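show me the folded form of this:
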Amino acid sequence: MSFVDAVREAVATIPAGAVASYGEVGAHLGLGPRQVGRAMSLLGEDVPWWRVVYADGTPASCHEGRAPALLAEEGTPMRGARVDLARARHHWPL
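Got it, this is the predicted structure:
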């Protein structure tokens, strides 16, 4: 399986209302955050890309800045313009 496919599968498991940072997705897969970012740039709209955020909770700015609205639609806990990571962080099963 390619690292792009691995990122696709991992991101698809993040439930609505939850998020993971690029680094957390990478740690789950044994990749670096930049590799995750590269893979994310190759994925289409069929993957919930808006559920992957920066380490400080800032939503992605790609896709014409739609991430904050999509996160709000899902009821993702926010602290101002950033995701409240303490409440919204996704944890993969061990």
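
can you give me the helices in this structure?
Under the criterion DSSP state H, the chain contains helices at 3-12, 22-29, 33-41, 62-65, 67-73, 85-88.

for the lowest-mean-pLDDT helix or strand in the chain, packing partners?
Across the helices and strands of the chain, mean pLDDT, DSSP states H and E gives its lowest value to helix 62-65, namely a mean of 86. Contacts defined by 3 or more CB pairs under 8 Å, 6 or more residues apart in numbering; DSSP states H and E place helix 62-65 against no helix or strand at all. Heads up, the C-betas are built off the backbone N, CA and C, glycines and all.

contacts for it, please.
Ser41, Trp49, Trp50 (CB atoms under 8 Å, 6 or more residues apart in numbering).

could you rerun that using 7 Å?
Trp49 (CB atoms under 7 Å, 6 or more residues apart in numbering).

what comes up buried for it?
Buried residues in helix 62-65, counted by 16 or more other CB atoms under 10 Å: none are found.

how about stretch 43-57?
Leu43, Val47, Pro48, Trp49, Trp50, Arg51, Val52, Val53, Tyr54, Gly57.

let me have these in a markdown table, extended by pLDDT.
As requested, the buried residues of stretch 43-57 are exported to a markdown table (pLDDT from 0 to 100):
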| residue | pLDDT |
| --- | --- |
| Leu43 | 91 |
| Val47 | 95 |
| Pro48 | 97 |
| Trp49 | 96 |
| Trp50 | 96 |
| Arg51 | 97 |
| Val52 | 97 |
| Val53 | 97 |
| Tyr54 | 96 |
| Gly57 | 97 |
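
identify the residues contacting the closest residue to Pro15 other than its chain neighbours.
Excluding the flanking residues, the one nearest Pro15 by CB to CB, 6 or more residues apart in numbering is His90, at 7.0 Å. For His90, the contacting residues are Ile14, Pro15, Ala18, Val19, Ala20, by CB under 7 Å, 6+ apart.

what about the second one, how many residues nearby?
By that I understand Pro15. 10 (other CB atoms under 10 Å).

quick check: the most far-flung residue of the chain relative to its centre vs Ala10, distance?
Farthest-out residue of the chain from its mean C-alpha position, per CA atoms, centre = their mean: Met1, at 20.0 Å. According to CB to CB, to the nearest Å, Met1 and Ala10 sit 11 Å apart.
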